[in-house]
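A.B. asks: heads up, no residue letters with this:
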């Protein structure tokens with residue numbers, strides 16, 4: 001039996017399927033923290049597949065070359081600084097009142113009739129540097145006021161916002177999912193940004209505009225009075241502070257994206273070894289680009305506008321707390337992927353796929369969908385799926401744009417069918433006063449539309465790049 005598991009195609013495939021099933025069982029049934037479940041399953045798979053203990057965990061004298069440490073370290077070394085810096089950037093933009101400025105300008109530009117589109121665009125733009133749930137906390141009061149003034153259902157205004165925040169969180173750096181997948185699959189963040197925008201914008205238009213207008217006319221939910229009271233209180237708290245200019249807010253959000261893209265295209269168009277190539281590479285490095293943007297944000301949005309050092313330090317510490325669990329999950333996912341590669345499961349999957357003609361991009365999407373629906377976390381779905389498909393891609397000689405589109409397929413699968421096992425489902429229900437049935441009819445369907453459209457766009461693009 002052990003020999004069959006370790007050396008036959010059927011055994012290795014069985015080991016892959018059972019490992020994913022056990023992983024989901026631990027997370028869903030026994031409520032084990034995902035990063036612990038990933039470590040446990042990876043260790044068991046390695047031992048059953050016959051990986052030597054010294055190769056797996058090293059020795060008391062030296063563990064740095066072990067699968068455990070290299071699996072964790074290789075991915076965390078790539079993404080830890082990016083996620084941390086992106087989190088800090090979002091925190092200072094939120095605390096400075098940048099969201100209010102952005103929303104006010106868009107509302108004035110689009111007018112009352114197209115207010116849902118303006119709110120959706122605010123979600124798209126502000127969703128670049130801030131986490132999904134933080135974006136809701138900050139922008140929800142503005143949705144309450146817009147819905148109250150119009151006298152229409154809060155669903156009409158909340159769904160475009162949620163669509164904008166969701167696609168940015170799923171597809172765009174510096175959010176944990178796409179950054180982690182890029183690290184696991186070896187993709188430049190410049191290509192992730194390009195393909196992320198190519199997938200996110202049509203997904204948002206179909207789900208956040210077309211579907212949101214349709215469902216907003218069919219589910220009539222007035223704004224609860226306590227939500228309006230909270231919105232007014234938030235306005236009063238920020239009333240004494242001079243808001244930053246829209247140009248400044250957009251410049252700080254866009255600066256790291258421009259620098260990263262310049263570094264990506266510079267590496268293609270400029271001759272290696274030249275001074276210009278070195279400058280583009282240095283400033284286009286994601287950690288460097290984000291550091292510059294964060295320092296500018298601290299000065300221009302913080303210190304220059306009256307924030308004390310103590311306030312900035314407190315803001316930074318509070319914003320970084322949620323990052324720890326994300327990094328642990330991503331690190332454990334990196335270890336799981338390293339084990340799958342070392343055991344030969346990845347090559348076995350690649351051989352089987354090439355035999356049946358199933359595109360890797362479709363496989364990645366299906367696996368991500370299954371893991372997302374089963375356990376609820378988009379980040380866990382992305383990290384687990386990327387770990388599974390990384391060994392499959394190792395020998396396929398995919399270009400950077402093709403790998404970026406596989407990341408988009410994984411990210412698309414990670415947001416499908418948000419339901420009661422997803423924390424985001426309950427945040428949406430609570431913040432917009434929707435019943436469980438109304439949340440399923442609006443938010444769950446919206447996420448599924450975003451997922452399907454995102455995958456279709458990624459699949460079509462994969463045929464031409």
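C.D. replies: Nice, I can see it. Keep in mind that what you see is a predicted model, and the values were worked out from it rather than measured.
A.B. asks: Report whether the expected contact of residue 118 with residue 110 is present.
C.D. replies: Yes - the pair residue 118 / residue 110 is scored as a contact, 4.0 Å apart, by C-beta atoms under 8 Å. Any C-beta I mention is one placed from the backbone N, CA and C, and that applies to glycine too.
A.B. asks: Which one's more surrounded, the two?
C.D. replies: More neighbours surround residue 118 than the other of residue 118 and residue 110, with 24 against 16 (other C-beta atoms under 10 Å).
A.B. asks: Do you know the pLDDT at the more buried one?
C.D. replies: Looking at residue 118, its pLDDT is 95.
A.B. asks: Now do the helix or strand that contains it: everything it contacts.
C.D. replies: Using DSSP states H and E, residue 118 sits in helix 115-126. By C-beta atoms under 8 Å, 6 or more residues apart in numbering, the residues outside helix 115-126 that reach it are 93, 98-99, 102-103, 106-107, 109-110, 135, 138-139, 142-143, 146, 150, 156-157, 159-165, 167-168, 200-201, 204, 208-209, 212-213, 216, 250, 253.
A.B. asks: can we see that at 6 Å?
C.D. replies: Contact with helix 115-126 is made by 99, 102-103, 106-107, 110, 135, 146, 156-157, 160-161, 164-165, 208, as judged by C-beta atoms under 6 Å, 6 or more residues apart in numbering.
A.B. asks: The closest residue to residue 161 other than its chain neighbours and residue 408, how far apart?
C.D. replies: Using C-beta to C-beta, 6 or more residues apart in numbering and skipping the chain neighbours, the partner closest in space to residue 161 is residue 123 (4.2 Å). As for residue 123, its distance to residue 408 is 19 Å (criterion: C-beta to C-beta, to the nearest Å).
A.B. asks: same question, residue 402
C.D. replies: 11 Å.
A.B. asks: Now do residue 237, the pLDDT please.
C.D. replies: Residue 237 carries a pLDDT value of 54.
A.B. asks: Tell me which residues are up against stretch 439-451.
C.D. replies: Taking C-beta under 6 Å, 6+ apart as the rule, stretch 439-451 contacts 155, 159, 166-167, 203, 207, 211, 215, 219, 412, 415-419, 428-429.
A.B. asks: likewise stretch 311-327?
C.D. replies: 80, 83-84, 87-88, 91, 95, 176, 302.
A.B. asks: Any buried residues in it, and which?
C.D. replies: 312, 315-316, 319, 323, 326-327 (16 or more other C-beta atoms under 10 Å).
A.B. asks: What distance separates the opening and closing residues of that stretch?
C.D. replies: Terminal residues of stretch 311-327 are spaced 25 Å apart (C-alpha to C-alpha, to the nearest Å).
A.B. asks: coming back round to it: give the buried subset of the contacts of helix 115-126 as a PyMOL selection command.
C.D. replies: Those of the contacts of helix 115-126 that count as buried under 16+ other C-beta under 10 Å are selected in PyMOL with:
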select buried, resi 99+102+103+106+107+110+135+146+156+157+160+161+164+165+208
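A.B. asks: quick one: least confident of the contacts of helix 115-126?
C.D. replies: residue 99 (82).
A.B. asks: what residues are up against it?
C.D. replies: Contacts of residue 99 were listed using C-beta under 6 Å, 6+ apart, and they are 126, 138-139.
A.B. asks: do that again at 10 Å, thanks
C.D. replies: Applying C-beta atoms under 10 Å, 6 or more residues apart in numbering to residue 99 gives the contacts 93, 122-123, 125-126, 130, 134-135, 137-139, 141-142, 243, 249.
A.B. asks: got a winner among those for most neighbours?
C.D. replies: Neighbour max across the contacts of residue 99 (other C-beta under 10 Å) = residue 123, 31 neighbours.
A.B. asks: follow-up on the earlier one: which one's more surrounded, residue 402 and residue 408?
C.D. replies: Neighbours were counted for residue 402 and for residue 408 using other C-beta under 10 Å; residue 408 has more, 31 against 19.
A.B. asks: That one is in contact with residue 178, isn't it?
C.D. replies: Yes - the pair formed by residue 408 and residue 178 meets the contact definition of C-beta atoms under 10 Å, at 8.2 Å.
A.B. asks: Quickly list what's touching both of those two.
C.D. replies: 170-171, 192, 195-196.
A.B. asks: could those residues be laid out in a markdown table, adding secondary structure?
C.D. replies: Shown next, in a markdown table, are the shared contacts of residue 408 and residue 178 (DSSP: H, G, I helix; E, B strand; the rest coil):
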| residue | secondary structure |
| --- | --- |
| 170 | helix |
| 171 | helix |
| 192 | helix |
| 195 | helix |
| 196 | helix |
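A.B. asks: Neighbour-wise, which one of those residues leads?
C.D. replies: residue 171 leads the shared contacts of residue 408 and residue 178 on contacts (other C-beta under 10 Å) with 31 neighbours.
A.B. asks: these two touch, right, residue 347 and residue 390?
C.D. replies: No - between residue 347 and residue 390 there is no contact under C-beta under 10 Å: 11.6 Å.
A.B. asks: any idea where the strands of the stretch 101-250 of the chain begin and end?
C.D. replies: Taking DSSP state E, counting those that start in this stretch as the test, none of the stretch 101-250 of the chain falls into strands.
A.B. asks: any low-confidence regions in it?
C.D. replies: Low-confidence segments of the stretch 101-250 of the chain, defined by pLDDT under 70: 230-241.
A.B. asks: the helices in it, which residues?
C.D. replies: Using DSSP state H, counting those that start in this stretch, the helices of the stretch 101-250 of the chain run over residues 115-126, 132-150, 154-171, 176-185, 189-204, 212-216, 225-237, 246-269.
A.B. asks: tell me the most buried of these?
C.D. replies: helix 154-171 (a mean of 29; mean count of other C-beta atoms under 10 Å).
A.B. asks: between that helix and helix 132-150, how big is the angle?
C.D. replies: Orientation of helix 154-171 against helix 132-150 (axes from the mean of the first three to the mean of the last three C-alpha atoms, to 10 degrees) gives an angle of 160 degrees.
A.B. asks: coming back round to it: distance from the chain centre to the helix holding residue 118, please.
C.D. replies: Put simply, helix 115-126 sits 18 Å off its chain's centre (C-alpha atoms, centre = their mean, to the nearest Å).
A.B. asks: returning to what we had before: would you check the contacts of stretch 311-327 and say which has the weakest pLDDT?
C.D. replies: The lowest pLDDT within the contacts of stretch 311-327 belongs to residue 95, with 87.
A.B. asks: List the buried residues of stretch 20-35.
C.D. replies: For stretch 20-35, by 16+ other C-beta under 10 Å, it's 20, 23-24, 26-27, 32, 34-35.
A.B. asks: In strands, which of those residues fall?
C.D. replies: The subset of those located in strands under the criterion DSSP state E is empty.
A.B. asks: closest to residue 41 among these?
C.D. replies: Closest approach between those and residue 41, by C-beta to C-beta: residue 23, at 4.7 Å.
A.B. asks: what about the closest residue to that closest one other than its chain neighbours, how many neighbours?
C.D. replies: Nearest residue to residue 23 in three dimensions, chain neighbours excluded: residue 41, at 4.7 Å (C-beta to C-beta, 6+ apart). Neighbourhood size, residue 41 [other C-beta under 10 Å]: 26.
A.B. asks: any idea how far residue 41 is from residue 112?
C.D. replies: 53 Å.
A.B. asks: Also residue 4?
C.D. replies: When residue 4 is compared with residue 112 (using C-beta to C-beta), they lie 68 Å apart.
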